[in-house]
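Student: Got a sequence here, can you model it:
(chains A and B)
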Number of protein chains: 2
Amino acid sequence: MGQDQINVSRNEVAAKPIPPVTESKQTQTIGGMLSAAEELLLKKVMNAFGNPPVHVVLWDGREIPTPDGNSVAHVLLRDRGALMKLIADPGLNFAELYSAQRIEVKGDLPEFLEAVYQVWPVSSHSKLRELLAPLIGLQRNTFSKARSNVSHHYDIGNDFYKLWLDERMLYTCAYFASPDLSLEDAQLAKMDHVCRKLRLQPGETVVEAGCGWGALSLHMAKHYGVKVKAYNISKEQIAYARERSAKEGMNDLVEFVEDDYRNVSGKYDAFVSVGMLEHIGVDHFQELGAVIDHCLKDEGCGLIHSIGMNYPRPIDAWAERYIFPGAGPPSLGQMMQIFEPFNFSVLDVENLRLHYARTLEHWLRRYEVNADKVLAMFDQEFVRAWRLYLAGSIATFKTGDMQLFQVVFTRAANNQIPWTREGLYQQQSSRRG
Amino acid sequence: MGQDQINVSRNEVAAKPIPPVTESKQTQTIGGMLSAAEELLLKKVMNAFGNPPVHVVLWDGREIPTPDGNSVAHVLLRDRGALMKLIADPGLNFAELYSAQRIEVKGDLPEFLEAVYQVWPVSSHSKLRELLAPLIGLQRNTFSKARSNVSHHYDIGNDFYKLWLDERMLYTCAYFASPDLSLEDAQLAKMDHVCRKLRLQPGETVVEAGCGWGALSLHMAKHYGVKVKAYNISKEQIAYARERSAKEGMNDLVEFVEDDYRNVSGKYDAFVSVGMLEHIGVDHFQELGAVIDHCLKDEGCGLIHSIGMNYPRPIDAWAERYIFPGAGPPSLGQMMQIFEPFNFSVLDVENLRLHYARTLEHWLRRYEVNADKVLAMFDQEFVRAWRLYLAGSIATFKTGDMQLFQVVFTRAANNQIPWTREGLYQQQSSRRG
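Tutor: Purely as a prediction, here's the structure:
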């Protein structure tokens, strides 16, 4: 499993024609020998990247194949300046150069990035990996903040996401109960997986912190008969969610509140938060724990779903500025800062990182199908930047650079907990809602 | 689930006859009024314990019922000195007084202790809870060290454990795939659960750190066709395990090594450690991580099964001295110190605390059945001390004071991981070995 990768983005939108590429080793010096200086520079670049199996094509058509002739992709540097910039800071500048069409990748973009990440020296962790990896987290609450800071990435509306998310607009990792599920079914399966983990019963009350476009809240109410209060600070998303709730006649069961999770009031049978934690910052984890402690009933149960890392590490300055202002994906140890001060018991942790890679493959495939529409909405640089983000995120989850944790917890003294987890795996994906 | 408790130890072995107890509220002052000083002392004791619903009977037959007349047990204080000792340090002295028959409990001992734990002020956490709770961890590696320190607890041999453990001698939490399994079947189910989590395949190699009497090693080899190298520093247990291995014709597949886990050599497909972590101390977690990092193959998988706590807290001086020298059950956050420095990915955490309560109920029931044999091997004080430890441990797991974590992990880059956890819940308990 996980190997039958969906190939996407083989059809690059190239602004200039790429010179034809031949497979033979003999093409090593088409267009003349590299100058000694250029050769040295290239070696430096390739070393900085850990010497990935990449066939390089220079601006004048010259080619530098891998030593053994095997490569995952052909990379075209369009000008000498691009080479210089890569040398200066490969991690920081690759994305910019790619977006600006000064670098082209001929081949499967996620596979290329995965190959790069696999050999990228660990000491460079805070560079390219960090730059690309967290971008899939660019969502919801902080999105509206972030987009006030940055140029053309940030005038993106619901219409943009509609082009490549599932029909219910879930911008978080899906759950492929079986690997060949459609994205729609996998997002449904994710919501059911979450609801089963919370063991929701009709008539119970649920609070959702960071509800995005409202899909999970509506799903819980509709299919599990619970009453939901859902918080989100994004005006646009709340408006969208309310409209949908009205359309589906769910207003009696679901209340969408345009407010910060820290202002949650009331007492609930369940607390759920999917894809918000990455954006609040470890410094606020104890505060989140206090919010949960004050809103969860004695026999209540909670679930937090978040991108994570294997160990705490600072995120890249670029990502910190544009994607996770003051925040970033936590390690599992860091997540415990939510639970430990309040004597919560962690009952279950599941790592779904390969499911996020699969989710992103679906998103990227849909994105490519709609690349022309994205181009019409924005510009070529935008199209390429987002392509790279999605592809880079696939690579990040495939190489184990990022994790996806679902953590189930309850109060220490609550013995109304499932005896085993077997119930999660019965009647799998029987619902089609 | 978890409610259909097995009632045990209603038949206390009382050294002296306990005065008959009546149910009426009117019995409050049988034998005369309490002196003002005694009343104050008693109030202090009850306050220190958080005022549990306990009916107290004094040495002269006087009774102090609960305000509402409802009690989980009658507690007899046999002399005034016992009362004084309880006041001085209830947590530390209760166990001693109980063992010495200066305190009697009439009623279900685990239920009594659970009721006490439930109301015991959090600030006193490091006292009685700590004193009793970790005792079930008194096992294997450090047991041999510990018993050199303490008087009559420590000349306990395999024959003692045979009286109340399952036939395969597993001294760790069982897995009751269904709550009504026998202890034998639940220990088998636990071993299968562990093997499924590790996805053992015939021909693979496994290293076990802290193998006790060898049951898991032999089970893995026999039923999963793997080759096992098992470490334990206990001479006696290793001898027992080797004898059993020879009897069962498993010497080709299982090697029992009398050595410290830190001296593990070789490369393995799987690392497993069940019930050792509690004894090595958080300061050594990174060292354990290094051992695993150096012995695990690239696509290898590991499982650590350990008693845990919801948050780090110092353990009681008594327990630290006698049970966990230099160690104690870690919080989940503390456990991450094993994994994070080596970029391991945590794939799965399962909390089985109610299964440990159930396991202990079985142990205590068997223990009571064989109390006369224990008395013949040791003395009354020993019989009572162990009864209290087992009962207290039940209460500890029932009240959520202690947890039982099974953590599955692998290397960050390993994509040969299960797509979902559904496989754990197929063909449940089909084997009877």
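
Student: Please save the CA atoms from the helix or strand containing A:Trp386 in CSV.
Tutor: In this assignment (DSSP states H and E), A:Trp386 forms part of helix A:380-398. What follows is helix A:380-398 as a C-alpha-only set of coordinates in CSV (Å, rounded to 0.1, in the frame of the first residue of the first chain):
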residue,chain,number,x,y,z
GLN,A,380,1.3,31.6,-14.2
GLU,A,381,3.5,32.2,-11.1
PHE,A,382,0.5,31.5,-8.9
VAL,A,383,-0.3,28.3,-10.8
ARG,A,384,3.2,27.1,-10.4
ALA,A,385,3.7,28.1,-6.8
TRP,A,386,0.6,26.1,-5.7
ARG,A,387,1.6,23.2,-7.9
LEU,A,388,4.9,23.1,-6.1
TYR,A,389,3.3,23.4,-2.7
LEU,A,390,1.0,20.5,-3.3
ALA,A,391,3.7,18.4,-4.9
GLY,A,392,6.1,19.3,-2.1
SER,A,393,3.6,18.4,0.5
ILE,A,394,3.1,15.0,-1.0
ALA,A,395,6.8,14.4,-0.8
THR,A,396,6.9,15.7,2.7
PHE,A,397,4.4,13.1,3.9
LYS,A,398,5.8,10.3,1.8
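
Student: On the C-terminal side of it, identify the next helix or strand.
Tutor: strand A:403-411.

Student: Report all helices and strands that that following strand contacts.
Tutor: Here strand A:403-411 touches helix A:183-198, strand A:296-308, helix A:332-339, strand A:344-351, helix A:353-369, strand B:344-351, going by 3 or more C-beta pairs under 8 Å, 6 or more residues apart in numbering or on different chains; DSSP states H and E. (Glycine included, C-beta is placed from N, CA and C.)

Student: by how many degrees do the fifth one and strand B:344-351 diverge?
Tutor: When you say that, I think you mean helix A:353-369. 120 degrees (axes from the mean of the first three to the mean of the last three C-alpha atoms, to 10 degrees).

Student: Name the residues of helix A:353-369 that are buried.
Tutor: A:353-368 (16 or more other C-beta atoms under 10 Å in any protein chain shown).

Student: Could you do stretch A:231-241 as well?
Tutor: Buried, per 16+ other C-beta under 10 Å, within stretch A:231-241: A:231-234, A:237-238, A:240-241.

Student: Which parts of the stretch 201-350 of chain A are helices?
Tutor: A:215-224, A:235-247, A:285-295, A:317-322, A:332-339 (DSSP state H, counting those that start in this stretch).

Student: tell me, how many neighbours does the closest residue to chain B within the stretch 151-300 of chain A end up with?
Tutor: Taking C-beta to the nearest C-beta as the measure, the point where the stretch 151-300 of chain A comes nearest chain B is A:Pro179, at 5.9 Å. Here the count is done by other C-beta atoms under 10 Å in any protein chain shown, and A:Pro179 has 15 residues near it.

Student: next one: the one 5 residues further on
Tutor: Around A:Glu184 there are 16 other residues, counting by other C-beta under 10 Å.

Student: would JSON lines of the helices of the stretch 201-350 of chain A with distance to B:Gly91 be doable?
Tutor: Below are these laid out as JSON lines (distance: least, C-beta to C-beta, whole Å):
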{"stretch": "helix A:215-224", "distance to B:Gly91": "44"}
{"stretch": "helix A:235-247", "distance to B:Gly91": "51"}
{"stretch": "helix A:285-295", "distance to B:Gly91": "26"}
{"stretch": "helix A:317-322", "distance to B:Gly91": "47"}
{"stretch": "helix A:332-339", "distance to B:Gly91": "26"}
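
Student: Could you dump those helices into JSON lines and include distance to A:Gln101 and mean pLDDT?
Tutor: Shown next, in JSON lines, are the helices of the stretch 201-350 of chain A (distance: least, C-beta to C-beta, whole Å; pLDDT from 0 to 100):
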{"stretch": "helix A:215-224", "distance to A:Gln101": "35", "mean pLDDT": "98"}
{"stretch": "helix A:235-247", "distance to A:Gln101": "31", "mean pLDDT": "94"}
{"stretch": "helix A:285-295", "distance to A:Gln101": "41", "mean pLDDT": "97"}
{"stretch": "helix A:317-322", "distance to A:Gln101": "19", "mean pLDDT": "53"}
{"stretch": "helix A:332-339", "distance to A:Gln101": "38", "mean pLDDT": "98"}
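
Student: would CSV of those helices with distance to chain B be doable?
Tutor: CSV is the format used below for these (distance: least, C-beta to the nearest C-beta, whole Å):
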stretch, distance to chain B
helix A:215-224, 20
helix A:235-247, 29
helix A:285-295, 11
helix A:317-322, 19
helix A:332-339, 3
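
Student: quick one, strands of the stretch 51-200 of chain A?
Tutor: A:54-57, A:63-64, A:73-77, A:103-107 (DSSP state E, counting those that start in this stretch).

Student: Determine which of those strands shows the lowest mean per-residue pLDDT.
Tutor: Mean pLDDT is lowest for strand A:63-64 among the strands of the stretch 51-200 of chain A, at a mean of 90.

Student: Could you identify the most distant pair in the buried residues of stretch A:231-241?
Tutor: A:Tyr231 and A:Tyr240 (14.8 Å; C-beta to C-beta).

Student: Quickly list the domain ranges of chain A.
Tutor: Structural domains assigned to chain A are A:25-107, A:158-425, following automatic domain parsing.

Student: How many neighbouring residues does the residue lying closest to A:Lys197 once chain neighbours are set aside have?
Tutor: In space, and not counting its chain neighbours, A:Lys197 is closest to A:Val408: 5.0 Å by C-beta to C-beta, 6 or more residues apart in numbering or on different chains. A:Val408 has 24 neighbouring residues, counting by other C-beta under 10 Å.

Student: swap in A:Lys267?
Tutor: A:Lys267, neighbours per other C-beta under 10 Å, totals 12.

Student: contacting residues for it?
Tutor: Going by C-beta atoms under 8 Å, 6 or more residues apart in numbering or on different chains, A:Lys267 touches A:205, A:295-297.

Student: measure it to A:Lys297 for me?
Tutor: Distance of A:Lys267 to A:Lys297, computed by C-beta to C-beta, to the nearest Å: 5 Å.

Student: Can you check the pLDDT for the nearest residue to A:Leu181 once chain neighbours are set aside?
Tutor: Spatial nearest neighbour of A:Leu181, excluding adjacent residues (C-beta to C-beta, 6+ apart): A:Ala189 at 6.3 Å. On the pLDDT scale, A:Ala189 is placed at 98.

Student: thought A:Ala189 was touching A:Tyr175?
Tutor: Yes - shown here, A:Ala189 and A:Tyr175 form a contact pair, counting by C-beta atoms under 8 Å, at 4.6 Å.

Student: who has more neighbours, these two?
Tutor: Higher neighbour count among A:Ala189 and A:Tyr175: A:Tyr175, with 26 against 21, using other C-beta under 10 Å.

Student: what's near enough to touch the more buried one?
Tutor: A:186, A:189-190, A:193, A:352, A:355.

Student: from those residues, which is closest to A:Ile103?
Tutor: For these, the nearest to A:Ile103 is A:His355 (30.0 Å; C-beta to C-beta).

Student: Around chain B, which positions in the stretch 151-300 of chain A sit nearby?
Tutor: With C-beta under 8 Å from any C-beta of the partner chain as the criterion, the stretch 151-300 of chain A meets chain B at residues A:176-179.

Student: which one of the residues you listed is nearest B:Ala88?
Tutor: A:Ala177 (58.7 Å).

Student: Where does the prediction get shaky in the stretch 251-400 of chain A?
Tutor: A:315-326 (pLDDT under 70).

Student: I'd like the distance between A:Gly392 and A:Tyr98.
Tutor: A:Gly392 is 10 Å from A:Tyr98, by C-beta to C-beta.

Student: which of these two has more neighbours?
Tutor: Regarding A:Gly392 and A:Tyr98, a neighbour count based on other C-beta under 10 Å identifies A:Gly392 as having more, with 29 against 22.

Student: thought A:Val264 was touching A:Tyr231?
Tutor: Yes - look at A:Val264 against A:Tyr231 with C-beta under 8 Å: they come within range, at 6.1 Å.
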